[in-house]
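> Coordinates for the following, if possible.
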Amino acid sequence: MDKPVSKHRQTVNQGQLEVLKLLYDFRYITNDLLAAYFGKKDRSFVHKRMSILMERGLVARRFDKSYRLHGKPGQYYLTPEGARQLQAKRDIEINIKKIYKDKELTEQFVRYCLELFTIYNRLRAQYGETLGFYTRSILSHEDYEYFPQPLPHAFVTLKAGKRKKRFFLEVLHDDQPWFVAVRTILKHVSYAEDGDWEATETNLPSILLVCESERLAKRALKRFPKAVADSYEEDNIEFAVAIKTDLLSEKTAVWRTDIDDDFLELEQLDEWTEQ
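Residues are numbered from 1 along each chain as shown. Next up, the predicted model:
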């Protein structure tokens, strides 16, 4: 009699691979965020898919009784076996040792991961297939060694016909010291001066800052121009700031380059287009 196929060796279909890739890119995801990604109002579709992946040992979930008490959702993450399957099927180079640590990451880090996926969902809903969104998991490969260090939270591209706009996206939080925001701003100014991006033979990407609060956004809008004005690359550095609640709303124009400016869409940052 033939032996049953191990649950770890069953074929992974394209829909399941898509979920595994999302978990690799963003590290943590919830049912609600996945439902939004797939455009499903009924979470049962996602719950069934994730249950299958968990049964097969490809995905695990962080959850305890305190989550239910505080109305907090469980958070899925990729297991080493799921990473191996993804690596084999999608030909992606993955640091498996790094995946082993995901279950031990801090609650703050998990919250930031979920926040970034929420931002991605919103931009994807607004810009559709014209949007490219590359997280630190992707950018950590050696192909991107000329990127700013520490890596931005995401590298965003936007196509407009034959043109393409490029952005470094950073998320700033109220519970971080102000010097963290300043260090992020100065990192990008120094990167522009170092000239590493010139290897791509394209214009330097604009910097997008997503701020948790209006107060933080106003501070960033005051600090960034000062840093740029002190740089000899002043003419090549462009940035825009948005408040997180505005970005995640139904508004389309949420970006500002000056504290007194009107709100803009990404598509309106016209100076950063490529043929």
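
> remind me which residues of the stretch 101-250 of the chain are low pLDDT?
By pLDDT under 70, the stretch 101-250 of the chain has no low-scoring segment.

> Tell me which stretches of it form strands.
Here the stretch 101-250 of the chain has its strands, by DSSP state E, counting those that start in this stretch, at 131-135, 154-160, 163-172, 206-211, 239-243.

> winner for burial among those strands?
Between those, strand 206-211 has the highest mean count of neighbours, a mean of 25, where neighbours are mean count of other CB atoms under 10 Å. Every residue, glycine included, has its C-beta placed from N, CA and C.

> Give the other helices and strands that that strand contacts.
Applying 3 or more CB pairs under 8 Å, 6 or more residues apart in numbering; DSSP states H and E, one finds that strand 206-211 contacts strand 163-172, helix 178-194, helix 214-229, strand 239-243, helix 244-247.

> most neighbours per residue, which of those?
Comparing these by mean count of other CB under 10 Å gives strand 239-243 as most buried, with a mean of 23.

> between that one and helix 214-229, how many degrees?
Per axes from the mean of the first three to the mean of the last three CA atoms, to 10 degrees, the angle that strand 239-243 makes with helix 214-229 is 170 degrees.

> Now render the strands of the stretch 101-250 of the chain as a markdown table, adding distance to Phe63.
Shown next, in a markdown table, are the strands of the stretch 101-250 of the chain (distance: least, CB to CB, whole Å):
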| stretch | distance to Phe63 |
| --- | --- |
| strand 131-135 | 23 |
| strand 154-160 | 27 |
| strand 163-172 | 25 |
| strand 206-211 | 28 |
| strand 239-243 | 31 |
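
> out of these, nearest to Leu266?
strand 154-160 (5.6 Å; CB to CB).

> Just the residues contacting that closest one, thanks.
With contacts defined as CB atoms under 8 Å, 6 or more residues apart in numbering, strand 154-160 is touched by 116, 119-120, 123, 127, 130-136, 138-139, 144, 147, 164-169, 205, 208, 266-267, 273.

> Output the helices and strands packed on strand 206-211 in TSV; the columns should cover distance to Leu20.
Putting the helices and strands packed on strand 206-211 into TSV (distance: least, CB to CB, whole Å) gives the following:
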stretch	distance to Leu20
strand 163-172	23
helix 178-194	30
helix 214-229	34
strand 239-243	30
helix 244-247	27
